[in-house]
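Student: Quick check, what structure comes out for this input:
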Amino acid sequence: MHKLFKTAAVVVASTLLTSAAMAAEVNLTSQTAGAGTPVGLTATALVEYASERGIANIQLKDGQTGTVYMQAVAEGKVDIVNGPFILPFLMTRGAGPYGKLGKEKGAELGKKIRLLYPYTLSVFYLYAFDAKGIKSWEDLNGRKVLNGPPRGAATSNSKALIQLVTGFKADKDYESVTVNWNQVASAVIDGTADAAVITDLFPGPRVTRISASGAMTAISLPKDKFESEAGQKLLNKPGSVAFSIPMADVKASFGDGWTVISEDDTFRGMAITGGDMVNASMDEEVAYQLTKAHIENIDKIKALAPFMASINFGVLDPKVAGLCGPNPVKFHPGAVRAWEEAGHEVPECAKS
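Tutor: The predicted structure follows:
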């Protein structure tokens with residue numbers, strides 16, 4: 001080898017080794033909610049791929065509270081978190097669980113949150129055991145309907161969806177049932193509720209547990225209500241988007257033991273959107289490498305559980321991902337580089 005080329009090769013090799021060594025020494029912290037959920041599986045996948053590629057050592061804690069760790073990442077106390085976009089939205093306004101921050105402090109913190117990649121967290125739809133005889137939203141009249149936990153946006157959204165479709169009001173036209181999230185499955189199984197209008201997937205862990213007790217029916221939002229002006233306003237409010245998926249995909253995901261009802265070949269619902277987020281101060285190269293690891297392993301991530309294939313990994317369309325508009329979260333510059341390098345178009349309104 002020519003001496004000049006040999007020297008250059010040694011320098012390049014040395015630089016690569018040094019970069020790899022530096023990357024391996026990066027230690028990051030991550031927090032997520034329940035294990036086995038979309039956010040939990042996505043978080044554990046990132047830990048694995050970051051380690052395999054020598055990007056970083058990520059210390060992950062699951063079973064954590066989203067409202068708490070979203071503030072922690074904004075304050076720079078945690079490096080990576082995932083959850084719904086509604087939390088940064090509320091933070092920037094000093095509202096809801098962030099009311100004690102005040103508008104000024106909330107706005108300051110909320111603007112420090114950056115996105116690596118978005119996906120669908122869960123979808124509102126109606127389901128019940130076949131034995132309950134519920135074949136349409138109108139059949140909820142006079143029934144006990146599980147709307148969600150005693151407090152929070154989920155229950156409000158559930159009641160609003162029922163009123164949109166049927167005009168029924170909680171505790172007037174039907175009995176509203178509320179339980180903590182860890183009691184949802186039991187409430188449906190033991191008959192505390194006749195039906196549920198809550199967030200889940202196709203099928204999520206909670207629905208899988210419930211369906212082990214008997215044949216079930218899932219019912220789509222009616223097309224006319226879904227497409228109405230009032231429907232689109234409700235479905236696309238901050239933190240959510242109008243969601244649709246081919247009926248064939250839903251039926252294939254649920255498998256035997258499920259009846260899926262819609263008036264056409266599309267299943268419709270209300271999706272809660274979010275993603276994996278970091279602080280704006282994260283090193284651009286680290287954010288780039290983390291996002292690149294996610295992008296290049298999307299097919300593997302989709303295969304982690306039956307429901308993971310239907311939650312829009314790799315989709316940056318604002319109408320699907322819930323980006324732009326009232327959502328204050330922008331992509332980290334390193335993430336933008338990774339997505340564009342991979343051939344994706346990042347919406348200008350989602351760039352920081």
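Student: Give me the contacts around the helix or strand where I162 lies.
Tutor: For I162, the host element (DSSP states H and E) is helix 153-166. Taking CB atoms under 8 Å, 6 or more residues apart in numbering as the criterion, the residues outside helix 153-166 that touch it are 86, 96, 124, 137-138, 140-141, 145, 147-149, 168-170, 173-174, 176, 178, 197-199, 221-222, 225, 230-231, 234, 239-240, 270. No exception for glycine: its C-beta is placed from N, CA and C like everyone else's.
Student: Give the pairing partners of the helix or strand following that helix; include direction for each.
Tutor: Using DSSP H and E, the next helix or strand after helix 153-166 towards the C-terminus is strand 175-178. Strand 175-178 has the following sheet partners, assigned by DSSP bridges: strand 144-148 (parallel).
Student: Let's see the strand it pairs with as CSV, backbone CA atoms only.
Tutor: Included here for strand 144-148 are C-alpha records, laid out as CSV according to Å, rounded to 0.1, in the frame of the first residue of the first chain:
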residue,chain,number,x,y,z
LYS,A,144,-73.7,0.0,31.7
VAL,A,145,-70.9,1.4,29.7
LEU,A,146,-67.2,1.6,30.7
ASN,A,147,-65.9,5.0,29.9
GLY,A,148,-62.5,4.8,31.5
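Student: Compute the inter-axis angle for it and helix 153-166.
Tutor: 130 degrees (axes from the mean of the first three to the mean of the last three CA atoms, to 10 degrees).
Student: from the middle of its chain, how far away would strand 144-148 be?
Tutor: Offset of strand 144-148 from its chain centre (CA atoms, centre = their mean, to the nearest Å): 22 Å.
Student: try stretch 102-110
Tutor: On CA atoms, centre = their mean, the centre of stretch 102-110 falls 23 Å from that of its chain.
Student: Can you give me the buried ones in that stretch?
Tutor: 106, 109-110 (16 or more other CB atoms under 10 Å).
Student: what ranges do the helices span in the stretch 1-150 of the chain?
Tutor: In the stretch 1-150 of the chain, the segments counted as helices under DSSP state H, counting those that start in this stretch are 3-24, 38-52, 66-74, 86-92, 102-110.
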